[in-house]
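Visitor: Sequence and computational prediction follow.
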Amino acid sequence: MAIITLFSGSYCYGDQIAEGIAKKLGYKIADQELLTKTAQTFKLSEKKLEKFLNGSVSFFGSISHERERALAYFNSSLAEMITQDNLILRGLPVHLLPLNLGHILKVCIIANLDYRIDVAVKTDNISRKEAQRRIQQSDSSKAEWTHVVRQHDPYDETMYDILLAMQSSSVEEAIDRICQGTQNIALLQTTESEQALKDYQLASRIHVILAEKGYDVEVQSQSGDVHVAINKYTSRLKQQQAKIHDLVKGVEGVQNISSGPGNRFTPPSLVPVPRLDVPSKVLLVDDEKEFVHTLSERLQTRDMNSSVVYDGEEALDFIANDEPEVMVLDLKMPGIDGIEVLRRVKRDYPNIEVIILTGHGSDKEEQIAMDLGAFAYLQKPVDINVLAQTMKDAYRKMGKENGTSMAE
């Protein structure tokens, strides 16, 4: 029987549909198995891999060896897992699978914005404005992922066998349509699809070898003819090609090797030079929404892009998925107050530098905050230049403590 891949927009009932299919067909939802298998095989942290699977924008914002290794490791695990039957694979990793694997039913679940906002408001008891913000943030993360691994938008119908628009379908109708899709004779294993699977497995093995050597590449195989697309620019292309060929030629199953520049092989002169003296991941935490959005906009004019949350609980949830470098934190907030957020952050994420920015503080609270490890304690209203410089100083301190080089 077929393997089903499900890629769902947020607030489109993707979880309920997956569970309904699994129950109706006797399939296994294999998300956790993929995560655990990858972590155990390559001796990695499940927590870190889960953050990767959440599609953190900042994680994809720069080319890193860590990112390339993670992509290669998930590819390797997927290549082994899809030899099984009756699996449901969900989320971002499904875009690592080649489109020519014949026994996989590729499904996308999406809906128009109004529908998704209605579901979010009903499900999470939030305002329509907040619902729209969450949806846009989720879609942005998914777009970052699919642009890196597939060079497509996440909801591009050319990548799927079935695209379901939930504003015109019930959950039950969606389950029935997908289950019927698994009966399509085109999903049966053929000689061609078996060869495509072997090619994918060979390419994934080579991808791991090259990623562990620090190469940013994409690997394709066709009946043992392997092509390596080099994505990171080098002025010594021929020498790099020779090294790659030496690494690949001994891999079992390789018949011929070719290589060349890939889609992201861009000379440095065409790449914007990042600012090394400012943090790239900033979190602003304040329940005064107008103030914090204005602050975010003013920091952006100083090359500091920031994420914004409105209370302590949101801040802790955000950090669990996407750890910032510098956090600017208010003290007086509903629910978990700033002092407790600071306490938990410095306990669980000691590398994050926290700047307290409050209009209601006291000498006693300032002393508590500094004792807990705050980098600085500032009062509202604050001079934006003073805040920006304090953030740069905090970022520089973080870099020195972690042994990385920050520009002075």
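Guide: That came through fine. Just so we're clear, the structure is a prediction, and the values are computed from it rather than from any experiment.
Visitor: going forward, measure contacts between C-alpha atoms and count neighbours the same way
Guide: OK.
Visitor: in the stretch 201-350 of the chain, which spans are helices?
Guide: Using DSSP state H, counting those that start in this stretch, the helices of the stretch 201-350 of the chain run over 237-248, 289-300, 312-321, 338-348.
Visitor: what do you get for the stretch 1-150 of the chain?
Guide: 14-25, 31-41, 46-53, 57-60, 65-81, 113-124, 128-149.
Visitor: I'd like to know which of those helices lies nearest to Thr390.
Guide: In terms of CA to CA, the element of those nearest to Thr390 is helix 57-60, at 21.8 Å.
Visitor: The nearest residue to Leu113 once chain neighbours are set aside: neighbour count?
Guide: Spatially, and ignoring its direct neighbours in sequence, Leu113 is nearest to Gln132 (7.9 Å; CA to CA, 6 or more residues apart in numbering). Gln132 has 19 neighbouring residues, counting by other CA atoms under 10 Å.
Visitor: wait, Gln132 sits on Ile117?
Guide: Yes - in terms of CA atoms under 8 Å, Gln132 counts as a neighbour of Ile117; the distance is 6.1 Å.
Visitor: returning to what we had before: right, so the helices of the stretch 1-150 of the chain: which one is the most enclosed?
Guide: helix 65-81 (a mean of 20; mean count of other CA atoms under 10 Å).
Visitor: Report the angle between that helix and helix 128-149.
Guide: 80 degrees (axes from the mean of the first three to the mean of the last three CA atoms, to 10 degrees).
Visitor: Dump helix 65-81 to CSV, keeping only the CA atoms.
Guide: Once non-C-alpha atoms are left out, helix 65-81 reads as follows in CSV (Å, rounded to 0.1, in the frame of the first residue of the first chain):
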residue,chain,number,x,y,z
HIS,A,65,27.1,23.5,8.3
GLU,A,66,24.6,22.6,11.1
ARG,A,67,21.7,23.2,8.7
GLU,A,68,23.2,21.1,5.9
ARG,A,69,24.0,18.2,8.2
ALA,A,70,20.4,18.3,9.6
LEU,A,71,19.0,18.2,6.1
ALA,A,72,21.3,15.3,5.2
TYR,A,73,20.5,13.3,8.3
PHE,A,74,16.7,13.6,7.8
ASN,A,75,17.2,12.6,4.2
SER,A,76,19.0,9.5,5.3
SER,A,77,16.3,8.5,7.8
LEU,A,78,13.5,9.2,5.3
ALA,A,79,15.3,7.1,2.6
GLU,A,80,15.3,4.1,5.0
MET,A,81,11.8,4.6,6.5
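Visitor: Determine how far it lies from the middle of the whole chain.
Guide: 14 Å (CA atoms, centre = their mean, to the nearest Å).
Visitor: try stretch 199-214
Guide: 21 Å.
Visitor: sorry, back to before: for Arg67, which of the helices of the stretch 201-350 of the chain is the nearest?
Guide: In terms of CA to CA, the element of the helices of the stretch 201-350 of the chain nearest to Arg67 is helix 312-321, at 15.6 Å.
Visitor: out of the helices of the stretch 1-150 of the chain, nearest to Asp246?
Guide: Short answer: helix 65-81, nearest of these by CA to CA, at 19.0 Å.
Visitor: and the closest one, what does it pack onto?
Guide: If you count contacts as 3 or more CA pairs under 8 Å, 6 or more residues apart in numbering; DSSP states H and E, helix 65-81 packs onto helix 31-41, helix 191-212.
Visitor: Let's have these in TSV, adding distance to Gly253 and mean pLDDT.
Guide: Putting the helices and strands packed on helix 65-81 into TSV (distance: least, CA to CA, whole Å; pLDDT from 0 to 100) gives the following:
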stretch	distance to Gly253	mean pLDDT
helix 31-41	22	93
helix 191-212	7	92
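Visitor: want to throw those helices into TSV with distance to Cys179?
Guide: Below are the helices and strands packed on helix 65-81 laid out as TSV (distance: least, CA to CA, whole Å):
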stretch	distance to Cys179
helix 31-41	19
helix 191-212	21
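Visitor: Among these, which comes closest to Gly262?
Guide: Nearest of the helices and strands packed on helix 65-81 (CA to CA): helix 191-212, 14.1 Å.
Visitor: between that closest one and helix 65-81, how big is the angle?
Guide: Using the same axes, to 10 degrees: helix 191-212 against helix 65-81 is 150 degrees.
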